[in-house]
Every structure is written in C-alpha cells, then in structure tokens.
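> Pasting the sequence and the predicted coordinates here, then a few questions.
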Amino acid sequence: MFIQKLMVAYMDDAANHIYYLDKNEQVILLDAIESGGLPNLEFLDTDEPDRFIEVPKVMSVETFSWMVEFESQNQNHELLLALNKNNPFEVFTDTIDQLDLTEKWHAFQQDKVRQRIENWLTEFNIHELEKQLD
C-alpha cells in the first residue's frame, strides 16, 4: 500500500504539488505550492533536516524512454509511427487504446515506476522502510 502511494506521488505531474517522505512517521506529505509560487512547508522540522525527503517526479524524457522500450518489446509499427509524431505522448496513448494494449502498457508502466521508486529508496538508504513496503 505504501509503495502505491509513493508511485502515485511520483507520477503526479501537477506543477504545484510537491511530495515529501517523512522517514520518521513513514508517511507521504503533500505540499501544494501557494498561489504566490512559494511552498507551504509548514510540516518541515528544522531540528531534523534529514527527516523529510522530496519524492521525485517522473520526467517526460523518462516516460518517453518507457514508450520506446514498450514499442521495442512489442515490435509494433503503429506504435513506432506514434513515437515520431508531433505530439508523441498523446498519439502514443491513443494508439495504445486503438491497439487494445492499454492494460499491457499500464502494467509495463507500473513496473517501471515501481523499479524507479525502489531505486530511489535505495539511493537514500531507506532499507528498513523498503522491507515494510511489501
């Protein structure tokens, strides 16, 4: 359940959302940027600067590389054409739907996101928390 929440935070592409992992409480906190463009950060504890870690967000280049890898695994000419269009993200998604590959794509993407989150946890040496994620 917890890893699912991290995955959702990672995939949230809203520009005004910043997620933090509270290592002590083992919860994910959302800090919505205020209208003036400044984060709230009310929950950050200056006495424990290492307690909160910002959860990374998926980058479009990463998503595009997943799309390329998915096409490569499926060897589908229509997906390859979609990747070379002006709006490849939109066209790829439409093509996935048309080819009835939506479930397969979502499973592939979820696996990539899970791998990324697990690597991120390892980068920050959060091993004891990782064990609780399964």
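Yep, it's here.

> lowest-pLDDT helix or strand in the protein?
Least confident element among the helices and strands of the chain, by mean pLDDT, DSSP states H and E: helix 127-133 (a mean of 51).

> tell me which element E90 is part of?
Assigned by DSSP states H and E, E90 belongs to helix 88-98.

> Mind giving me the packing neighbours of that helix?
If contacts are counted by 3 or more C-beta pairs under 8 Å, 6 or more residues apart in numbering; DSSP states H and E, helix 88-98 sits against helix 60-74, helix 77-83. The C-beta positions use only the backbone N, C-alpha and C, and glycine is treated the same way.

> change it to 7 Å
In terms of contacts (3 or more C-beta pairs under 7 Å, 6 or more residues apart in numbering; DSSP states H and E), helix 88-98 is packed against helix 77-83.

> what about the helix it packs on, average pLDDT?
Per-residue pLDDT values over helix 77-83 give a mean of 95.

> now that helix, how far from the centre of its chain.
Its chain's C-alpha centre and that of helix 77-83 lie 24 Å apart, by C-alpha atoms, centre = their mean, to the nearest Å.
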